[in-house]
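In: Sequence and computational prediction follow.
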Amino acid sequence: MPAKAKRTKRAKTKSVKKPARKVAVKQAKRSAGTKTAKKAAKKTAGKTAKKVVAKKSLARKAVKNRKGGVSAVEAANTPSGEQTSKAPDARTAWRISPEISRSVLKIDTWKKGDLKIEYLKVYRTGWIVVDRRPDLAEYNPEEGIDIFEEFEFDEHELYDGSEEASIVPNELPAEERQRLLALSEAELAEEGWTLESVTRFKGPLVVEEVG
């Protein structure tokens, strides 16, 4: 009887200890899994932080480059230590003007059927700016040149214009001629007159290179 009691106690002890070991193993696995998860989380957080810092540095660099006249795309494609510079505008233009004073003529011709009215205006001087050096080999100083017909330009200036003469059809009565001369350009257009305007440079011309 005493021997049976001892066996029973050992069996009970063994049956109690086995679950305890299993619990310990499970806890160890859980702790190991938790440590692994923490390490993975730390690595992910570190990578994310590096990416954020890199993005911030790129953004700051882009802002600085924009302030300095370089686009963000150029800054990203430009190796470190190199600077992007734009080539200066080397455009050359030429200014044309009469050499002699009062050699700029503007002729406004109003036409209506067979009738014609002319207004002549003389300017003290003037100039135009062209982007190509003009070829004046066949230029006739006495005849002059129609600047709007012969040249393409964006800039021009005429100075101190004064009306010199006006010509009206002689076949019209004197009263009608006086009435037409008193009309404005808008009023002439309303009565069916059409305008043709010519601006001429006469005499020797001066061609100057300008930047």
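Out: All right, it came through fine. Numbering: from 1, shown residues only.
In: which intervals of the protein have sub-threshold pLDDT?
Out: 1-90 (pLDDT under 70).
In: Show me the domain layout of it.
Out: Domain assignment for the chain by automatic domain parsing gives 2-77, 93-210.
In: who's in contact with the closest residue to Ala165 other than its chain neighbours?
Out: Closest residue to Ala165 apart from its sequence neighbours, by C-beta to C-beta, 6 or more residues apart in numbering: Leu120 at 4.6 Å. From N, CA and C alone the C-beta is placed, and that goes for glycine too. Neighbouring residues of Leu120 by C-beta atoms under 8 Å, 6 or more residues apart in numbering: Leu105, Lys106, Ile107, Glu163, Glu164, Ala165, Ser166, Ile167.
In: wait, which of these is closest to Glu150?
Out: Leu105 (14.5 Å; C-beta to C-beta).
In: which non-adjacent residue is nearest the closest one?
Out: That would be Arg200: by C-beta to C-beta, 6+ apart, it lies 4.8 Å from Leu105.
In: The one you found bridge partners, please.
Out: On the basis of DSSP bridges, Arg200 is bridged to Leu105, Asp146.
In: How much space separates it from Glu143?
Out: Counting by C-beta to C-beta, to the nearest Å, the gap from Arg200 to Glu143 is 8 Å.
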